[in-house]
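**Student:** structure for this input, please:
(one chain, ligands or ions: 1)
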Amino acid sequence: MEPTTIVLFGATGDLAKRKIYPALYNLFIDGKLPKEFSLVGLGRREWTDESFQANVEKSLHQFSRREANDAGLVKEFLRAFRYSVLDIGRQEDYLKLLQLVESRENELQMQPNRLFYLSVGPEYFEPIAANIKESGLGSANGWKRLVIEKPFGHDLSSARDLNRNLSKSFEEHEVFRIDHYLGKPMVQRMESLQQANPVIQALWTNRYIANVQITANESVGVEERAGYYDHVGAIRDMFQNHMLQLLMMAAIHLPNDSTSEEVRFKKKKVMEALELVQKEDVIANVIRGQYAEGSMQGNPVVGYKSEPGIAPDSMNDTFIAAKLQIDNNNWRGVPFYIRTGKRMKDKSTRIVVEFKEPLKQASTKSEDGTEPNLLVIEIGPNEGITLQLNAKDPEHKGSFKPVHIDLQASPQNSPEAYENLIGDALNGDPTFFAHWDEVELSWQWVQPILDAFEENLVPLYPYAAGTYGPVESDALLAKDGYHWWFDA
Ligand code: BG6
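**Tutor:** Numbering: from 1, shown residues only. Model (predicted):
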């Protein structure tokens with residue numbers, strides 16, 4: 001692995017503490033950090049190198065999946081960490097930063113490969129990128145990469161503006177847009193599921209598949225994020241990015257050992273074939289909901305409008321369900337149903353592929369006990385892949401019962417999304433990052449829905465906290481003769 005300096009903006013923040021430092025530590029333990037490695041953390045707080053290192057160490061004890069109880073190892077890991085105070089808008093601070101980065105590169109005799117990780121609010125992306133360019137930090141004689149987190153824009157036009165501005169300082173191949181769902185181990189394994197199993201590959205078409213259901217239910221509510229969430233809602237927070245990424249990953253065909261270009265090209269093709277929903281048709285294809293008071297595991301919880309920081313007349317969506325259609329030879333006629341919501345009965349992210357039943361009309365349980373064949377990919381918090389088939393029920397003559405075959409058992413203590421993604425960014429592998437084409441096409445699909453919401457063309461259905469969302473979401477599938485699987 002090539003020598004690398006990580007320049008981390010937002011080093012005193014929550015994401016760094018919860019995800020980035022633990023991920024780096026686990027990569028270090030696994031021997032997946034470059035031998036020549038330096039990290040410069042930046043923030044407004046007046047920390048020293050020592051207080052920075054102490055804070056990083058604390059975060060490992062709190063959040064690392066592997067215990068950080070070997071003092072020698074932890075010390076060795078922290079040796080790479082330096083801190084500098086930086087005010088994002090002050091050019092002088094970038095010159096000071098440049099000196100620090102260069103002096104560390106000289107000290108460690110490293111090539112100047114620099115990975116700029118922007119773990120800060122999106123309003124800071126443009127000024128930071130511009131200052132990296134202005135200061136000369138981005139023009140050393142090595143590679144440079146920019147890692148940014150969502151949200152990438154607030155709508156189609158702001159996303160385009162942001163991209164145009166970032167591209168003045170970084171080329172597309174240098175930009176690594178994190179969508180942490182693409183780092184989840186089961187999402188990464190979907191590629192090999194097809195590659196290693198010709199049977200599954202052969203079935204991955206509208207000839208055999210009746211519908212695909214993609215669910216990301218969360219039991220948490222808005223938590224302490226009212227200021228952010230009340231302006232974005234489920235549609236921007238989850239749907240435009242994570243959910244559409246899952247759709248792309250489920251819909252692509254990957255028969256061979258695909259290169260990153262092939263994967264991204266195929267994802268783009270899926271998005272291009274996604275039928276746009278006109279503003280007037282949103283009402284028939286998209287259900288928006290907002291949680292009302294209810295109960296979670298027996299405890300009463302307040303409704304969204306009574307959450308701290310939320311306006312009592314907020315029209316924000318905390319739930320979205322939608323029916324999407326991909327207009328290509330492979331998927332024409334197969335609805336993709338997607339839903340995501342807060343304060344749902346339980347937390348689970350999964351993809352269910354429901355196969356056709358050629359001998360039957362209805363796809364729901366029938367009298368002989370057969371159910372449709374299902375391929376279930378559990379993405380989180382449980383991980384696994386199961387195939388549901390029908391077998392003769394020896395106890396009841398003439399009838400069947402569903403049996404489940406585990407194709408991939410739940411792996412123990414597997415690397416977290418951020419480990420996979422930071423490791424890939426260090427290696428320069430863009431496969432599991434969102435390309436601008438995908439981001440732009442996702443916003444294009446979402447924009448008419450945002451417009452319809454804005455103009456109130458679609459009802460906002462309340463649902464009780466602790467349920468599976470508004471009943472209208474069930475009706476969306478029932479119209480087509482289906483139902484959401486595994487709502488217990
Ligand atoms: C984030 C959203 O991107 O994803 C949060 O901003 C959401 O609102 C989170 O809770 C869900 O991620 P995960 O990995 O817990 O499913």
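**Student:** hey, let's count contacts and neighbours off CA atoms from now on
**Tutor:** OK.
**Student:** now do the helices in the stretch 151-300 of the chain.
**Tutor:** For the stretch 151-300 of the chain, the helices defined by DSSP state H, counting those that start in this stretch cover 156-166, 180-183, 185-196, 198-203, 226-234, 244-251, 260-273, 282-285.
**Student:** and the residue nearest in space to the middle of the chain, what does it touch?
**Tutor:** Closest residue to the average C-alpha location of the chain: residue 181 at 2.7 Å, with CA atoms, centre = their mean. Residues near residue 181 by CA atoms under 8 Å, 6 or more residues apart in numbering: 187, 242, 245-246, 417.
**Student:** try 7 Å this time
**Tutor:** Residues in contact with residue 181, defined by CA atoms under 7 Å, 6 or more residues apart in numbering, are residue 242.
**Student:** on that earlier part again, among the helices of the stretch 151-300 of the chain, which comes closest to residue 397?
**Tutor:** Evaluated with CA to CA, those place helix 198-203 nearest to residue 397, the distance being 29.9 Å.
**Student:** domains of the chain?
**Tutor:** As given by the TED database, the domain ranges for the chain are 4-149, 182-415+435-487.
**Student:** would JSON lines of these with distance to residue 422 be doable?
**Tutor:** Converted to JSON lines, the domains of the chain look like this (distance: least, CA to CA, whole Å):
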{"stretch": "domain 4-149", "distance to residue 422": "8"}
{"stretch": "domain 182-415+435-487", "distance to residue 422": "9"}
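**Student:** would you format these as TSV with distance to residue 167, mean neighbour count and mean pLDDT included?
**Tutor:** Formatted as TSV, these follow (distance: least, CA to CA, whole Å; neighbours: other CA atoms under 10 Å; pLDDT from 0 to 100):
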stretch	distance to residue 167	mean neighbour count	mean pLDDT
domain 4-149	9	18	97
domain 182-415+435-487	11	18	93
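**Student:** out of the helices of the stretch 151-300 of the chain, nearest to residue 24?
**Tutor:** Within the helices of the stretch 151-300 of the chain, the stretch nearest residue 24 is helix 180-183; the backing value is 14.4 Å (CA to CA).
**Student:** quick check: the residue nearest to the centre of the chain vs residue 244, distance?
**Tutor:** 10 Å (CA to CA, to the nearest Å).
**Student:** go on, residue 74?
**Tutor:** Residue 74 sits 38 Å away from residue 244, going by CA to CA.
**Student:** same check on residue 78?
**Tutor:** 37 Å.
**Student:** what's near enough to touch residue 390?
**Tutor:** 370-371, 400-403.
**Student:** now swap in residue 301 and tell me
**Tutor:** For residue 301, the contact set (CA under 7 Å, 6+ apart) comprises 293-295.
**Student:** redo those as TSV? Include distance to residue 106.
**Tutor:** What follows is the contacts of residue 301, written out as TSV (distance: CA to CA, whole Å):
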residue	distance to residue 106
293	59
294	60
295	59
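**Student:** which other residues reach stretch 63-70?
**Tutor:** Here stretch 63-70 makes contact (CA under 7 Å, 6+ apart) with 18, 22, 60-61, 74.
**Student:** so the nearest residue to residue 12 once chain neighbours are set aside bridges to which residues?
**Tutor:** Spatial nearest neighbour of residue 12, excluding adjacent residues (CA to CA, 6 or more residues apart in numbering): residue 43 at 5.9 Å. Per DSSP bridges, the residues bridged to residue 43 are residue 85.
**Student:** gap between residue 43 and residue 97?
**Tutor:** From residue 43 across to residue 97, the span is 12 Å (CA to CA).
**Student:** the longest helix in this structure is where?
**Tutor:** helix 436-454 (DSSP state H).
**Student:** just want the angle from the helix or strand following that one to helix 436-454.
**Tutor:** As assigned by DSSP states H and E, the chain's next helix or strand after helix 436-454 is strand 460-464. Orientation check (axes from the mean of the first three to the mean of the last three CA atoms, to 10 degrees): strand 460-464 against helix 436-454 gives 90 degrees.
**Student:** which strands and helices sit next to the helix or strand just after strand 460-464?
**Tutor:** The helix or strand immediately downstream of strand 460-464 is helix 471-478, counting by DSSP H and E. The helices and strands touching helix 471-478, judged by 3 or more CA pairs under 7 Å, 6 or more residues apart in numbering; DSSP states H and E, number zero.
**Student:** spatially nearest residue to residue 339, not counting backbone neighbours?
**Tutor:** Here the residue nearest residue 339, using CA to CA, 6+ apart, is residue 321, at 4.0 Å.
**Student:** the helix or strand harbouring the one you found - contacts with which helices or strands?
**Tutor:** Using DSSP H and E, residue 321 sits in strand 319-325. The contact analysis (3+ CA pairs under 7 Å, 6+ apart) places strand 319-325 against strand 286-292, strand 335-341.
**Student:** do you know which of the ones you listed lies nearest residue 123?
**Tutor:** Among these, strand 335-341 comes nearest to residue 123, with 25.9 Å by CA to CA.
**Student:** centre of the chain to that closest one, how far?
**Tutor:** With CA atoms, centre = their mean, to the nearest Å as the basis, strand 335-341 stands 15 Å off its chain's centre.
**Student:** likewise stretch 291-301?
**Tutor:** 27 Å.
**Student:** repeat for stretch 453-464
**Tutor:** With CA atoms, centre = their mean as the basis, stretch 453-464 stands 25 Å off its chain's centre.
**Student:** again with stretch 424-433
**Tutor:** With CA atoms, centre = their mean as the basis, stretch 424-433 stands 15 Å off its chain's centre.
**Student:** what sits up against it?
**Tutor:** 1, 176-179, 182-183, 260, 263-264.
**Student:** what's the closest of those to residue 351?
**Tutor:** After measuring these against residue 351 - CA to CA - the closest member comes out as residue 182, at 13.8 Å.
**Student:** how much space between that closest one and residue 435?
**Tutor:** Taking CA to CA, one finds residue 182 at 12 Å from residue 435.
**Student:** quick one: residue 98 and residue 138 touch, right?
**Tutor:** No: contact criterion CA atoms under 7 Å: residue 98 and residue 138 do not qualify, at 9.4 Å.
**Student:** who touches the nearest residue to residue 468 once chain neighbours are set aside in this structure?
**Tutor:** Spatial nearest neighbour of residue 468, excluding adjacent residues (CA to CA, 6+ apart): residue 344 at 5.3 Å. The neighbours of residue 344, taking CA under 7 Å, 6+ apart as the test, are 217-219, 465-469.
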